[in-house]
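> the following comprises the amino acid sequence and a computationally predicted model.
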Amino acid sequence: DQVVAFRGEHQAGITTPAQDRMHFVALDVTTKDPAELRDLLKAWTRAAERMTAGAEAAPGGVVGGGPYGVPEDTGEAYDLDAADLTITIGYGPSLFDDRFGLADKRPEGLRDLPAFVGDDLDPARSGGDLCIQACANDPQVAVHAVRNLVRLGFGVVSVRWSQLGFGRTSSTSRSQTTPRNLFGFKDGTNNVKSEDGAALDEHVWVQPSDVTGGASWLAGGSYLVARRIRMHIEVWDRTTLQEQEQVIGRTKGEGAPLGQKAEFDTLDLDKPGADGKPAIPVDAHVALAHESRLNGIRLLRRGYNFTDGSDGLGHLDAGLFFIAFMRDAQRQFVPMQKALAAEDTLNEYIEHTGSAVFACPPGIGPDEHWGQALF
Ligand code: HEM
């Protein structure tokens, strides 16, 4: 099964078992004409549906248009199968300013994120009117999808920033093993999983009662928060195993909560260690991010490792492209990141360099297209 259904109640690429590769792009709308944007969303729907089924971006395809036509598909995925490709669209807060008559449709929660302590955000890697998240188990398939959608958008949208990710840093299904991030720790153990039906409604999908009036189009959708987090891996790599485990709050080998044995042992923040203090330090990453310290808040994390060459100062420019889906960015990501930014001992080793928030509409039914509920 290398094809993930494109249509359905929710968009693919959220609870879909996280694929191994990602190409994420944020775009700005350059046209002033709402009709052009509406037509592009229609054209994107057709192309995305074709590509996720393993077909070329348009019927003319790579060579079908004849020698005198410009090929309708760029060709680099011609011989490849769909590789579980999912294409997920999201709308940024700036799409709902005065330009396209969408101000009445902006959901209350779709606002720029506040600044957090320690942020070192690059505006050139932040924000965007729209985003497209393409995930696949073949990097060429994900890049091909984004490239062909961007190509269709020529004159209507332009690329603001983009990020490639290799190696998922989360499991989103109990059928998957837990991968490791670039700090070498298992990541995704305590994630919200696609099998957790009630938790998905509580923490991931926007509920009809959350979005009244003009914003009701978002019911069944989800907020996407993206944070490009640089990891100072050279510093981390000179740190002792004990320090690394105290910072995360889990063991490196097994991924067990400190003081426990197995990866999926229940995380108990009160369990004392040998010295009588909690085995998991109060300022460890998993302690601060745990729902018991955050009024029950949880997120569905779906991020990727990245390495973007070097920083010119002798270090790799590597890290974690954090993506999380949630029912309300302001009520979930914001308080969680506030707590982490203030106290997490992990902060010594990481730096947030990019940030964006998008509202991902619900899935579409037969004959529907993206943007239909907006225009
Ligand atoms: C858990 C690493 C950033 C939220 C974890 C775990 C690791 C980890 C190793 C334990 C395994 C697991 O349960 O998934 C990292 C690294 C980060 C990072 C290396 C940055 C480079 C963030 C950010 C957030 C976040 C920005 C949200 C604002 C969480 C949550 C958990 C978690 C909610 C689960 C805690 C629990 O309930 O046990 N992270 N993380 N992480 N992380 Fe992060």
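Sure, I can see it. Residues are numbered from 1 along each chain as shown.
> from here on, just use CA atoms for contacts and neighbour counts.
Fine.
> neighbours around the residue in the chain that the ligand sits nearest to, how many?
Per CA to the nearest ligand atom, residue 188 is where the chain lies closest to the ligand, at 3.2 Å. Counted with other CA atoms under 10 Å, residues neighbouring residue 188 total 23.
> same check on the one 5 residues further on?
The burial metric for residue 193, expressed as a neighbour count using other CA under 10 Å, is 24.
> how about the residue of the chain closest to the ligand, nearest residue that isn't a chain neighbour?
Sequence neighbours aside, residue 170 is the residue nearest to residue 188 in space, at 4.1 Å (criterion: CA to CA, 6 or more residues apart in numbering).
> which SSE is the residue of the chain closest to the ligand in?
Applying DSSP states H and E as the criterion places residue 188 outside every helix and strand.
> pLDDT at the residue nearest to residue 188, what is it?
Residue 170 carries a pLDDT score of 93 in this model.
> how near is it to residue 373?
Distance of residue 170 to residue 373, given as CA to CA, to the nearest Å: 31 Å.
> what about the two, which has more around it?
Ranked by neighbour count (other CA under 10 Å), residue 170 and residue 373 place residue 170 first, with 31 against 14.
> part of a strand, is residue 26?
Yes - counting by DSSP: H, G, I helix; E, B strand; the rest coil, residue 26 falls inside a strand.
> so what pairs up with it in the strands?
Counting by DSSP bridges, residue 26 forms beta bridges with residue 131, residue 161.
> near it, how many other residues are there?
26.
> over to residue 117?
14.
> list the contacts of it.
The contact partners of residue 117, by CA atoms under 8 Å, 6 or more residues apart in numbering, come to 338, 341-342.
> who wins on neighbours among those?
residue 341 (19 neighbours).
> the ligand contacts on the chain?
The interface of the chain toward the ligand, taken as CA under 6 Å from any ligand atom, is made up of 185-191, 229, 231, 248, 286, 289-291, 298, 320, 333, 336-337, 350.
> hmm, the residue nearest to residue 188 is touching residue 176, no?
No - with contacts counted by CA atoms under 8 Å, residue 170 stays clear of residue 176, the gap being 9.2 Å.
> pLDDT score assigned to the nearest residue to residue 220 once chain neighbours are set aside?
Among residues not flanking residue 220 along the chain, residue 362 sits closest, at 4.7 Å (CA to CA, 6+ apart). Note for residue 362: predicted pLDDT of 98.
> could you do residue 111 as well?
So, for residue 111, pLDDT stands at 97.
> residue 135: which element?
Using DSSP H and E, the element containing residue 135 is strand 130-136.
> same for that strand, what does it pack against?
strand 21-29, strand 86-91, helix 139-152 (3 or more CA pairs under 8 Å, 6 or more residues apart in numbering; DSSP states H and E).
> can you tell me how far residue 132 is from residue 4?
Applying CA to CA, the value for residue 132 to residue 4 is 16 Å.
> next one: residue 268
Counting by CA to CA, the gap from residue 268 to residue 4 is 37 Å.
> more neighbours: the two, which one.
Taking other CA under 10 Å, residue 268 and residue 4 do not tie; residue 4 has more neighbours (20 against 16).
> quick one: contacts for the nearest residue to the more buried one once chain neighbours are set aside?
Once flanking residues are discounted, residue 4 sits nearest to residue 84: 5.5 Å by CA to CA, 6+ apart. Listed by CA under 8 Å, 6+ apart, the contact partners of residue 84 are 1-4, 19, 52, 135-137.
> also residue 323?
Per CA under 8 Å, 6+ apart, neighbours of residue 323: 224-227, 301-304.
> make it 6 Å
Listed by CA atoms under 6 Å, 6 or more residues apart in numbering, the contact partners of residue 323 are 225-226, 301-303.
> all helices for the stretch 1-150 of the chain, in order.
Assigned by DSSP state H, counting those that start in this stretch, the stretch 1-150 of the chain shows helices spanning 34-52, 139-152.
> contacts for the longest one, please.
Spelled out, that is helix 34-52. The contact list for helix 34-52 (CA under 6 Å, 6+ apart) reads 6, 57, 82, 85, 100, 369-371.
> what helix or strand is the residue nearest to residue 188 on?
Secondary structure (DSSP H and E) places residue 170 outside all helices and strands.
> do the same with residue 335
Assigned by DSSP H and E, residue 335 falls within helix 333-343.
> now that helix, how far from the centre of its chain.
Chain-centre distance of helix 333-343: 18 Å, with CA atoms, centre = their mean, to the nearest Å.
> could I get the buried residue list for it?
Residues of helix 333-343 classed as buried: 333-336, 338-341 (neighbour count, 16 or more other CA atoms under 10 Å).
> picking up where we left off before, can I get the helices of the stretch 1-150 of the chain in CSV with distance to residue 92 and mean pLDDT?
CSV is the format used below for those (distance: least, CA to CA, whole Å; pLDDT from 0 to 100):
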stretch, distance to residue 92, mean pLDDT
helix 34-52, 14, 98
helix 139-152, 17, 98
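> pick the most deeply packed of these.
helix 139-152 (a mean of 21; mean count of other CA atoms under 10 Å).
> that one - contacts with which helices or strands?
strand 21-29, strand 130-136 (3 or more CA pairs under 6 Å, 6 or more residues apart in numbering; DSSP states H and E).
> can we see that at 10 Å?
Counting contacts by 3 or more CA pairs under 10 Å, 6 or more residues apart in numbering; DSSP states H and E, helix 139-152 packs against strand 21-29, helix 34-52, strand 86-91, strand 130-136, strand 157-168.
> quick one: that helix to strand 21-29, angle?
Angular relation of helix 139-152 and strand 21-29 on a 0 to 180 degree scale: 10 degrees, by axes from the mean of the first three to the mean of the last three CA atoms, to 10 degrees.
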